[in-house]
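# Generate a structure from the sequence data that follows.
(one chain, ligands or ions: 2)
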Amino acid sequence: MTDDVRTRTGGASGIGPPLWLLAELTYRCPLQCPYCSNPLDFARYRDELDTDAWIDVMRQARAMGAVQLGFSGGEPLVRRDLETLVDEARRLGFYTNLITSGVGLDEARIAALREAGLDHIQISLQAADAEVAAAVAGSAKAHAGKMAMARAVKAAGYPMVLNVVLHRHNIDDIDRVIALCDDLGADVVELASCQYYGWAKLNRAGLLPSRTQVERAEEVARQWRERLAARGRDMRLLFVVPDYHAERPKACMGGWGAIFMTVAPDGSVLPCHSARELPMDFPDVRERALEDIWYASEAFNRFRGDAWMPEPCRGCSERHQDHGGCRCQAYLLTGDPAATDPVCSKSPRHELIVQALDESSADHREVEGLISRHARNSRILCRG
Ligand code: SF4
Ligand code: SF4
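Numbering: from 1, shown residues only. Ligands and ions are numbered 1, 2, ... in the order given. You can find the predicted model right below:
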């Protein structure tokens with residue numbers, strides 16, 4: 001379908017407004033996590049939107065109806081204008097969330113963000129064990145800093161989410177991970193199984209946990225929920241099962257172009273933060289209005305609805321629940337962005353998931369053997 005046959009009004013087209021705006025302020029980050037979802041070629045994108053351009057993005061998104069705004073990256077704290085952006089977001093009426101590694105935070109900055117009106121902070125932890133955390137993040141100092149900042153965030157009165165990406169090298173330590181989060185006073189803990197995009201896809205064989213590891217971790221999380229409830233401790237514990245171990249794919253982003261919009265550091269507008277890996281052109285907010293991009297662009301309309309679906313999704317009774325799975329995952333695994341997500345046991349390419357699990361069980365790399373996400377590796381990997 002071409003742009004000119006699309007209508008720009010949500011009511012007439014049946015397309016609702018974006019409710020969630022993810023502002024990826026930068027791809028710069030002091031850490032080097034080998035599971036980072038940033039694109040492999042992130043070092044190529046040096047030309048970041050400036051403060052005025054981000055304010056314009058926020059105004060446009062809010063006028064369209066967006067209510068939630070996540071500041072993410074890379075590490076959003078490397079932007080010295082973060083407080084200015086938070087201040088403007090609050091003035092516009094967004095509910096704001098900072099998604100951070102915690103590196104670059106200090107008590108003065110927490111106070112400034114509080115003053116600017118930031119609603120919520122999510123800090124990522126790499127592991128409970130300082131050595132594993134250092135090996136994953138590529139920083140010997142980051143872990144201790146995160147601990148201090150998690151305590152400072154709580155002391156400042158913020159509701160705190162701690163996010164831990166689970167993979168083969170930290171999942172067996174989940175008991176200590178949860179105990180640490182409890183000790184730090186987390187309100188919500190997201191035990192988020194690694195998603196295999198970007199750098200995680202590159203390192204997949206060395207990151208994928210076994211089914212036994214996942215089942216054991218799920219059981220530990222279940223026991224913790226019981227213990228927390230018995231103590232009357234109000235800490236929500238979310239365990240997201242890796243979809244490589246599931247029978248059905250996730251309903252990615254609630255559907256393509258349904259509720260979620262990402263603006264990347266260079267102004268590219270994407271239906272999700274991984275979509276720039278797809279072989280598609282994404283519109284630039286410096287060249288086109290957000291409303292026009294959301295309602296009328298080829299990129300945002302490409303996988304809306306179900307007319308684009310091949311079999312078996314097209315005739316499947318579950319297609320309105322999972323939307324055929326994740327387009328990025330389908331493309332990264334099969335080379336076809338419209339394919340049924342191979343995670344689904346009904347997919348004709350489901351053997352790709354079985355193979356990935358087999359490859360991973362034969363891979364005995366230590367965490368130090370994974371490919372770190374840093375600018376030099378980005379340039380080497382994307383040369384030519
Ligand atoms: S996953 Fe790690 S490397 Fe990537 S942006 Fe987050 S903290 Fe930085
Ligand atoms: S065949 Fe497609 S729509 Fe049906 S469950 Fe699998 S991914 Fe979902």
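
# What about the residue in the stretch 101-250 of the chain positioned nearest to ligand 1? Give its phi and psi, please.
Residue nearest to ligand 1 within the stretch 101-250 of the chain: residue 101 (3.8 Å; Cβ to the nearest ligand atom). Placement of C-beta: from N, CA and C, glycine included. Backbone geometry at residue 101, expressed as degrees, to the nearest 10, gives phi -80, psi -10.

# wait, what's in contact with it?
Counting by Cβ atoms under 8 Å, 6 or more residues apart in numbering, residue 101 touches 29, 30, 31, 75, 123, 124, 137, 142, 146.

# go on, residue 330?
Residue 330 neighbours (Cβ under 8 Å, 6+ apart): 324, 336, 337, 338, 339, 340, 341, 342.

# can you give me the helices for the stretch 1-150 of the chain?
In the stretch 1-150 of the chain, the segments counted as helices under DSSP state H, counting those that start in this stretch are 10-13, 51-64, 82-92, 107-116, 130-137, 142-155.

# Of the ones you listed, give the one that comes closest to residue 262.
When these are compared by Cβ to Cβ, helix 51-64 sits nearest residue 262, at 10.9 Å.

# what is the orientation angle of that closest one with helix 82-92?
In terms of direction (axes from the mean of the first three to the mean of the last three Cα atoms, to 10 degrees), helix 51-64 departs from helix 82-92 by 20 degrees.

# same for helix 51-64, what does it pack against?
In terms of contacts (3 or more Cβ pairs under 8 Å, 6 or more residues apart in numbering; DSSP states H and E), helix 51-64 is packed against strand 20-24, helix 82-92, helix 290-296.

# coming back round to it: quick check, pLDDT for the residue of the stretch 101-250 of the chain closest to ligand 1.
The confidence metric pLDDT takes the value 96 at residue 101.

# just the strands in the protein please.
Using DSSP state E, the strands of the chain run over residues 20-24, 68-72, 95-100, 120-125, 160-166, 188-193, 236-240, 260-263, 269-270.

# Now render these as JSON lines, adding mean neighbour count and distance to ligand 2.
Shown next, in JSON lines, are these (neighbours: other Cβ atoms under 10 Å; distance: least, Cβ to the nearest ligand atom, whole Å):
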{"stretch": "strand 20-24", "mean neighbour count": "23", "distance to ligand 2": "22"}
{"stretch": "strand 68-72", "mean neighbour count": "22", "distance to ligand 2": "26"}
{"stretch": "strand 95-100", "mean neighbour count": "21", "distance to ligand 2": "28"}
{"stretch": "strand 120-125", "mean neighbour count": "23", "distance to ligand 2": "29"}
{"stretch": "strand 160-166", "mean neighbour count": "23", "distance to ligand 2": "23"}
{"stretch": "strand 188-193", "mean neighbour count": "21", "distance to ligand 2": "18"}
{"stretch": "strand 236-240", "mean neighbour count": "15", "distance to ligand 2": "18"}
{"stretch": "strand 260-263", "mean neighbour count": "24", "distance to ligand 2": "19"}
{"stretch": "strand 269-270", "mean neighbour count": "24", "distance to ligand 2": "22"}
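
# could you dump those to a markdown table with distance to residue 277?
A markdown table is the format used below for these (distance: least, Cβ to Cβ, whole Å):
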| stretch | distance to residue 277 |
| --- | --- |
| strand 20-24 | 14 |
| strand 68-72 | 17 |
| strand 95-100 | 20 |
| strand 120-125 | 21 |
| strand 160-166 | 18 |
| strand 188-193 | 19 |
| strand 236-240 | 21 |
| strand 260-263 | 13 |
| strand 269-270 | 10 |
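
# now for those, which one comes closest to residue 306?
Per Cβ to Cβ, nearest to residue 306 of those: strand 260-263, 18.2 Å.

# circling back: which one of the helices and strands packed on helix 51-64 lies closest to residue 247?
strand 20-24 (27.2 Å).

# In contact with the residue lying closest to residue 81 once chain neighbours are set aside, which residues?
With sequence-adjacent residues excluded and distances taken as Cβ to Cβ, 6 or more residues apart in numbering, residue 81 is closest to residue 51, at 4.4 Å. Applying Cβ under 8 Å, 6+ apart to residue 51 gives the contacts 81, 84, 85.

# Tell me which residue of the stretch 201-350 of the chain lies closest to ligand 1.
Scanning the stretch 201-350 of the chain for the residue nearest ligand 1 gives residue 273, at 10.4 Å (criterion: Cβ to the nearest ligand atom).

# That residue touches residue 37, doesn't it?
Yes - using Cβ atoms under 8 Å, residue 273 is in contact with residue 37, at 6.0 Å.

# still on that earlier bit, using JSON lines, lay out the helices of the stretch 1-150 of the chain together with mean pLDDT.
As requested, those are exported to JSON lines (pLDDT from 0 to 100):
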{"stretch": "helix 10-13", "mean pLDDT": "52"}
{"stretch": "helix 51-64", "mean pLDDT": "98"}
{"stretch": "helix 82-92", "mean pLDDT": "98"}
{"stretch": "helix 107-116", "mean pLDDT": "96"}
{"stretch": "helix 130-137", "mean pLDDT": "94"}
{"stretch": "helix 142-155", "mean pLDDT": "94"}
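
# Tabulate these (TSV), appending distance to residue 204.
Below are the helices of the stretch 1-150 of the chain laid out as TSV (distance: least, Cβ to Cβ, whole Å):
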stretch	distance to residue 204
helix 10-13	38
helix 51-64	33
helix 82-92	32
helix 107-116	35
helix 130-137	15
helix 142-155	24
